[in-house]
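Peer 1: Just need the structure, nothing else, for what follows:
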Amino acid sequence: LPFYFFRGIDTSFNPSLDETPTGSIAAAFEKLNEVDCFGDVGSISAVATATMAIQSLPVIQTGYRGLMLPVCEDRRLAEIGIDEGMSISTLLLLSCVCGVGIDTVPIGGDFSVERLARLYLDVVGLANRWDKPLSCRVFPVHGVSAGEITSFQSPYLVNSKTFKI
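Peer 2: Alright, predicted model coming up:
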């Protein structure tokens, strides 16, 4: 039998793709009195509190150990991107106090390589400053401009607006 070493548990919060809002991280935070619309004022405090709570669990932890905000994997987050105009800058600001960085964010296929490079520099700057792993997983969508809605046909992705960098 192979011998395995226990390296820990990734205690990150992840959304589900349930049709109901119960699987949404963003919808869960909007149940709090302090958060009217996720991404608006009150969100940073709520996200920071949730992240501190899961990072203080008395287990060996590995991975991001925080809150994940993948736009195309969270129905309410995708909806906020469409209806409320959430920006990449807002997601990056929330990443200062949570887990993953920029995750599954669709961008228009007409994006500027220079602006994408600056976004990478911002993510690297935050990761280095706070000594934490952050990712930058954007999806360039060919033939679609920033602000237009995606038309993904994947059961693993939710459609959202394409974000401007």
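Peer 1: ok, then the element right after the longest helix anywhere in the chain?
Peer 2: In the chain, taking DSSP state H as the definition, the longest helix is helix 113-130. Where DSSP states H and E defines the elements, the next helix or strand beyond helix 113-130 is strand 135-141.
Peer 1: Now do the buried residues in that next one.
Peer 2: By neighbour count with 16 or more other CB atoms under 10 Å, strand 135-141 contains the buried residues 135, 136, 138, 139, 141. Placement of C-beta: from N, CA and C, glycine included.
Peer 1: from memory residue 42 sits against residue 48, does it?
Peer 2: No - contact criterion CB atoms under 8 Å: residue 42 and residue 48 do not qualify, at 10.9 Å.
Peer 1: In a markdown table: the buried residues of strand 135-141, plus distance to residue 63 and pLDDT.
Peer 2: Formatted as a markdown table, the buried residues of strand 135-141 follow (distance: CB to CB, whole Å; pLDDT from 0 to 100):
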| residue | distance to residue 63 | pLDDT |
| --- | --- | --- |
| 135 | 12 | 90 |
| 136 | 17 | 94 |
| 138 | 21 | 95 |
| 139 | 22 | 93 |
| 141 | 28 | 95 |
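Peer 1: Quickly check those residues for the two that are furthest apart.
Peer 2: The distance between the two most remote of the buried residues of strand 135-141 (CB to CB) is 18.6 Å, for 135 and 141.
Peer 1: start to end distance for stretch 50-64?
Peer 2: 14 Å (CA to CA, to the nearest Å).
Peer 1: mind checking how far residue 8 is from residue 63?
Peer 2: 8 Å (CB to CB, to the nearest Å).
Peer 1: Which one's more surrounded, these two?
Peer 2: The neighbour comparison of residue 8 against residue 63 (other CB atoms under 10 Å) goes to residue 63, with 14 against 11.
Peer 1: which residues touch the more buried one?
Peer 2: 8, 10, 11, 12 (CB atoms under 8 Å, 6 or more residues apart in numbering).
Peer 1: and it, helix, strand or coil?
Peer 2: Secondary structure, DSSP: H, G, I helix; E, B strand; the rest coil: residue 63 is coil.
Peer 1: Spatially central, which residue of this structure would that be?
Peer 2: residue 69 (2.1 Å; CA atoms, centre = their mean).
Peer 1: okay but that one is in contact with residue 96, surely?
Peer 2: No - assessed by CB under 8 Å, residue 69 is found out of contact with residue 96, at 11.9 Å.
Peer 1: what about the strands in the protein?
Peer 2: For the chain, the strands defined by DSSP state E occupy 101-108, 135-141.
Peer 1: now the ones you listed in JSON lines, with distance to residue 23?
Peer 2: Output for the strands of the chain, formatted as JSON lines (distance: least, CB to CB, whole Å):
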{"stretch": "strand 101-108", "distance to residue 23": "15"}
{"stretch": "strand 135-141", "distance to residue 23": "20"}
